[in-house]
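**Q** build me a structure from this.
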Amino acid sequence: LAHTHQIEGPYGYCPCAQPFDDASGAWASTMDSWNIRNKAAKQQALGAKSCGFPGMVLFDGLLDVIRNGSGTPWRSQLMANFHPTYYGMMIARFGPESTFT
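**A** Here you go, the predicted model:
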């Protein structure tokens, strides 16, 4: 996720890094597009420098198409959202409700 968590990292520090990661995690746990398309997008514009941001926005759009077109309820689960070094990492699971047990 954000690549600006540490001042000594290659991209420096931005106070927008944690809010970006938080918004991304909120999106991954709820599939609420507002979190990625607005909250995270604002932090990205401020300098979060997330290389994965475009992919998350594309995936969010794909989820809209799948969920709205299939009639099958989907679910997500945020499993991890940390920044052990200068960049954040997230693990999340997305799938039809029936695949979550």
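**Q** and the residue positioned nearest the centre of the chain, what is it in contact with?
**A** Taking CA atoms, centre = their mean, the centroid of the chain lies closest to S24, which sits 2.8 Å from it. Residues counted as contacts of S24 (CB atoms under 8 Å, 6 or more residues apart in numbering) are 1, 35-36, 40, 50, 56, 81, 88, 90. The way it works is simple: take the backbone N, C-alpha and C, and place the C-beta from them, glycine included.
**Q** before we move on, what about P96?
**A** Shown in contact with P96 (CB under 8 Å, 6+ apart): 72-75.
**Q** with respect to pLDDT, which of those residues ranks lowest?
**A** Among the contacts of P96, T72 has the lowest pLDDT, at 86.
**Q** output the contacting helices and strands for the helix or strand hosting N81.
**A** For N81, the host element (DSSP states H and E) is strand 74-82. Strand 74-82 sits against helix 17-30, helix 53-70, strand 89-96, with contacts defined as 3 or more CB pairs under 8 Å, 6 or more residues apart in numbering; DSSP states H and E.
**Q** what comes up buried for the second one?
**A** So the one you mean is helix 53-70. 53, 56-57, 59-60, 63 (16 or more other CB atoms under 10 Å).
**Q** want to throw the residues you listed into a markdown table with pLDDT and distance to G9?
**A** Formatted as a markdown table, the buried residues of helix 53-70 follow (pLDDT from 0 to 100; distance: CB to CB, whole Å):
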| residue | pLDDT | distance to G9 |
| --- | --- | --- |
| F53 | 98 | 17 |
| M56 | 98 | 21 |
| V57 | 98 | 24 |
| F59 | 97 | 25 |
| D60 | 97 | 27 |
| L63 | 93 | 31 |
